[in-house]
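# Need coordinates for the following:
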Amino acid sequence: MKKILYIDCFSGISGDMMVGALIDLGLDFYFLKEELGKIDVRGYEVKSEKVKRSGISASKFTVETTQDHHHRTYADILNLINNSSMKMRSKEISLSIFDIIATAEAKVHQVEKEKVHFHEVGAVDSIVDIAGTAIGITELEIEEVFCANIPLGSGFVQTMHGILPVPAPATLEILKDVPVYSGNFDFEVTTPTGAAIIKSLVKSFGGIPLIKVKDTGFGSGTIEKKDTPNLLRLVLGELSDPDENSADNFKFESENLALLSTNVDDISPEILGYLMGKLFEEKVLDAWTEPIFMKKNRQAVKINVLCIQTDVEKILDILFTETSTLGIRRQEVKRYLLERKFDMVKLPYGEVKIKIGYKEGKAVTFSPEYESCRMLAQKTGKPIKEIYRDALCFFSIK
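Sure, this is the predicted structure:
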């Protein structure tokens, strides 16, 4: 069974909330302390306590420094992690999170990445939060991570660079191409550390995927609010056992996608053609139209677009800009995939690329690739249907 983690960040995410939620989910606190001790950072203590927020029990993880700590560069952080005796996966996750933060900070402040001074994120508490998250993911044997859309908050935050608007510039830089929204918050709910954790770990965004829920854990933030509990919820699950008639029983690869659709009754064929071309320029997975009848028996067109979750906002912008629609529907869909490979078949007058689909290592379908056939038809003057026919014939013999 594949272990799945869903991050339900309805009140944002920070490093301490993530570690607290992992402890609440089952990460042994004393094991965590022992693993953190393998990093050569001293002068701090960690504690975990049970708290209640809006009647919900949660774990509050806190790092208390017992001496002053100097700022560290990205190079210092790399040495600390690489020279530790943590498990290899914990090291890899930690390094990935810090690399994301360093890259964002370097761009925001226009300095070389290796020379980035981490200030807040390089302080001992954030080193502990990031390493603690990596240790938890490794110890709980999490294989895939999914996440809700991310609230950012509003207002201003005090940093080593002065007072900055929320979301902080580094947070926005980290969360490029990730679905975000402000939310009903007047403070910073997603920190750069929390954003980097999500960017490093998460495979897909949106609702909870199709899983069997095994456990939940809550991590508490520092600020208490009456209207919305300042909590991070983690949902631990397993991919459901396939029934004997399910496509999952054949061990197909699958991915969670978004299907966007809208009905329009006043679009011309020329504009529709332009729209479809623009969508495919954005590398959507598929786009198509369907003739429909709307209210008052009006003939209309239903426009459908299949895309990855992180492209949804970009596609919505195109549809709202290029059509007259006032609303667009979104569905979460699962797509099953055959393993795909390409081969070349030599014809007497040229070569054609062939797409091959494999199921459990066995080729079950193949077809000529259109662009390859089109180019050969233009080059030779042969009808494209003959090239398709010859390609199928020669590949079958091959």
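# Going by C-alpha atoms from here, please, whenever you check contacts or count neighbours.
Fine.
# longest strand anywhere in this protein?
Criterion DSSP state E: the longest strand present in the chain is strand 253-264.
# Relative to that strand, what are the paired strands and their orientations?
Paired strands of strand 253-264, with direction, are strand 299-307 (antiparallel), strand 329-337 (antiparallel) (DSSP bridges).
# how about the next helix or strand after the last one: buried residues?
For strand 329-337, the succeeding helix or strand toward the C-terminus, using DSSP states H and E, is strand 339-347. Neighbour-count burial for strand 339-347 flags residue 345 (criterion: 16 or more other C-alpha atoms under 10 Å).
# Please state the offset of strand 339-347 from the chain centre?
Relative to the mean C-alpha coordinate of its chain, strand 339-347 is positioned 31 Å out (C-alpha atoms, centre = their mean, to the nearest Å).
# Quick check: next helix or strand after that strand?
Elements were assigned by DSSP H and E; along the chain past strand 339-347, the next helix or strand is strand 350-359.
# Please identify the buried residues of that following strand?
When neighbours are counted by 16+ other C-alpha under 10 Å, the buried residues of strand 350-359 are found to be 352-359.
# Looking at the residues you listed, spot the one nearest residue 21.
Sorting the buried residues of strand 350-359 by how near they are to residue 21, with C-alpha to C-alpha, puts residue 359 at the top with 39.0 Å.
# correct me, but that closest one touches residue 338?
Yes. Residue 359 lies in contact with residue 338 (C-alpha atoms under 8 Å); the separation is 5.9 Å.
# Can you list the low-confidence ranges for the stretch 1-150 of the chain?
For the stretch 1-150 of the chain, the stretches flagged by pLDDT under 70 are 68-70, 117-122.
# now the strands: where do they sit in it?
3-8, 44-53, 56-65, 144-147, 150-151 (DSSP state E, counting those that start in this stretch).
# could you dump those strands to CSV with distance to residue 314?
Written out in CSV, the entries for those read as follows (distance: least, C-alpha to C-alpha, whole Å):
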stretch, distance to residue 314
strand 3-8, 23
strand 44-53, 36
strand 56-65, 36
strand 144-147, 19
strand 150-151, 16
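# could the ones you listed go into JSON lines alongside distance to residue 225 and mean neighbour count?
Compiled in JSON lines, the strands of the stretch 1-150 of the chain are given as follows (distance: least, C-alpha to C-alpha, whole Å; neighbours: other C-alpha atoms under 10 Å):
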{"stretch": "strand 3-8", "distance to residue 225": "18", "mean neighbour count": "23"}
{"stretch": "strand 44-53", "distance to residue 225": "8", "mean neighbour count": "14"}
{"stretch": "strand 56-65", "distance to residue 225": "13", "mean neighbour count": "19"}
{"stretch": "strand 144-147", "distance to residue 225": "23", "mean neighbour count": "20"}
{"stretch": "strand 150-151", "distance to residue 225": "15", "mean neighbour count": "24"}
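# closest one to residue 229 among the ones you listed?
The closest of these to residue 229 is strand 44-53. By C-alpha to C-alpha, the value is 5.6 Å.
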